[in-house]
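Participant: Here is a sequence together with a model predicted from it:
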Amino acid sequence: MFTAKISKASTSKRRYDREEKKGSKENDGDDDESRDSKNVKSEEIMGVGASTGSGQYLVDFRIGSPPQKLLLVADTGSDLVWVKCSACRNCSNHKPGSVFFARHSLTFSPFHCYDHSCRMVRNPIRECNSSREHSTCRYEYTYADGSTTGGFFAREITTLSTSSGRETKFGRLAFGCGFTASGSASSFNGVMGLGRGPISFSTQLGKRFGNKFSYCLMDYTISPPPTSYLFIGQAHTSPRPTTPLQTNPLSPTFYYVGIKDVSVNGVKLKIDSSVWCLNSDGNGGTVIDSGTTLTFLVEPIYSHILTAFKRRVKLPRVEDPSLGFDLCVNVSGLQNPKFPELSFKLVGDSLFTPPTQNYFIDAVEDVKCLAIQPVTSRSGFSVIGNLMQQGFLFEFDRDESKLGFSRHGCALP
């Protein structure tokens, strides 16, 4: 099992775009040092990137020969693995760990634009010269918030820490060597895409580690913050209960779960079950996304939940549009304010009941707000963001197409 240490950044409303990429051949990533790793758990520890102000969990990532360490956003809502790159020779102007120095690695190898691997990345820039020489595979990748990354699609060695304490290398990782980044993407050293597409980190390493991965995202407001983890392979404990992972051919990257109904303080809300479902156009449904901070719910689900909370929360209201939330309350003088319990009933009749601190968050001093936002677009879909996932062990079993979750199991043995 491969485990990665995760860091957490502060709150943002970033949400990734649904991927329109069609199915393509998976990169097998064969490597002599990884042939037996299917039976090995690989571990990395996630750290908290609170200083970046982006609401993301960041994972330790080592790439190149010799290995260079960077912190990447751990994102189940996208596929591409990419790092900020520099072609500098004298690199004294760059802070160590801020970019990947491609010239300093003995194993950096860009794909040629004629290579079949170039077709795996979304929106490759196909400008190949007639000589077929020195024409690298260039890409541009766009997220829903309009941020982009662009550069060369390449292959490199990544170094992994295993649960046994030793290191192993994966020698054929396809990744984006990003020389340009805009919007929120420019705030990070890169992104570790963990989606279901052929170029994601979980797909490329999946066959070597049992085609499973899991993570624990811990509450970053605690001081000192507890350690969060990413596991590639079988976790030390299999979380229960489970719910089936649904698929959407029009958005094959995402991990969809089926929600049957929602309750507040044990009272089932009167919401037509059809509004939770994926429709024939590929719209709707609910996605589990570690790369989105807040939870987004389509209408009319959001309005029903907001109304239910407004009826039950008796604390003084704070009407401040600058906070960006529809329900905020004054909690001054209260050490442990009480809020209604929110519970989602999933397909398979499992219950996901997050603690109240996962959805009532500190907005400013003495003010807590309901950290759920509406999705008003008819083509929109609901997203369970990383705040709502805090304190749970989630295991994505891609062979069995199921998601396990538990409030127990986030402490490593």
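Facilitator: Cool, the structure landed. Computed from a predicted model, the values in this text were never measured in an experiment.

Participant: Could you use CA atoms for every contact and neighbour count after this?
Facilitator: OK.

Participant: got a list of what Lys345 touches?
Facilitator: Residues counted as contacts of Lys345 (Cα atoms under 8 Å, 6 or more residues apart in numbering) are Ile259, Lys260, Asp261, Val262, Leu351, Phe352.

Participant: What is the nearest of those to Ser377?
Facilitator: Set against Ser377, the nearest of the contacts of Lys345 by Cα to Cα is Ile259 (19.2 Å).

Participant: ok, the closest one touching Val347?
Facilitator: Yes. Shown here, Ile259 and Val347 form a contact pair, counting by Cα atoms under 8 Å, at 5.9 Å.

Participant: Between those two, which is the more surrounded one?
Facilitator: Between Ile259 and Val347, Ile259 has the larger neighbour count (other Cα atoms under 10 Å), namely 23 against 17.

Participant: what does stretch 372-392 contact?
Facilitator: Stretch 372-392 has contacts (Cα under 8 Å, 6+ apart) with 216-219, 283-299, 302-303, 325, 354, 358-359, 405-410.

Participant: Can you say which of those residues are buried?
Facilitator: Neighbour-count burial (16 or more other Cα atoms under 10 Å) is assigned, among these, to 216-219, 283-299, 302, 325, 354, 358-359, 405-407, 409-410.

Participant: Could you pull up the residues touching the residue lying closest to Val347 once chain neighbours are set aside?
Facilitator: Distance criterion Cα to Cα, 6 or more residues apart in numbering; nearest residue to Val347, sequence neighbours excluded, is Gly258 at 5.2 Å. For Gly258, the contact set (Cα under 8 Å, 6+ apart) comprises Thr243, Pro244, Leu245, Gln246, Trp276, Cys277, Gly285, Thr286, Leu346, Val347.

Participant: Filter the buried ones among the contacts of stretch 372-392 down to just the ones in strands.
Facilitator: Cys216, Thr286, Val287, Ile288, Thr295, Phe296, Leu297, Val298, Phe405, Ser406 (DSSP state E).

Participant: Distance check, the fifth one against Thr307.
Facilitator: When distances are taken as Cα to Cα, to the nearest Å, Thr295 and Thr307 turn out to be 17 Å apart.

Participant: Equivalent analysis for the last one, please.
Facilitator: If you measure Ser406 against Thr307 using Cα to Cα, the figure is 28 Å.

Participant: I'd assumed Ser161 was in a strand, is it?
Facilitator: Yes. Counting by DSSP: H, G, I helix; E, B strand; the rest coil, Ser161 is located in a strand.

Participant: Could you give the number of residues near it?
Facilitator: By other Cα under 10 Å, the residues close to Ser161 number 20.

Participant: Leu230 is in contact with that one, correct?
Facilitator: No. Ser161 is beyond contact range of Leu230, at 11.3 Å (criterion: Cα under 8 Å).

Participant: what sits against Gly266?
Facilitator: Counted by Cα under 8 Å, 6+ apart, Gly266 has contacts Glu341, Ser343.

Participant: Just the ones in strands from the contacts of Gly258, please.
Facilitator: Using DSSP E, the contacts of Gly258 in strands are Thr243, Pro244, Leu245, Gln246, Thr286, Leu346.

Participant: Which one of the ones in strands among the buried ones among the contacts of stretch 372-392 is nearest to Ser187?
Facilitator: Thr295 (21.6 Å).
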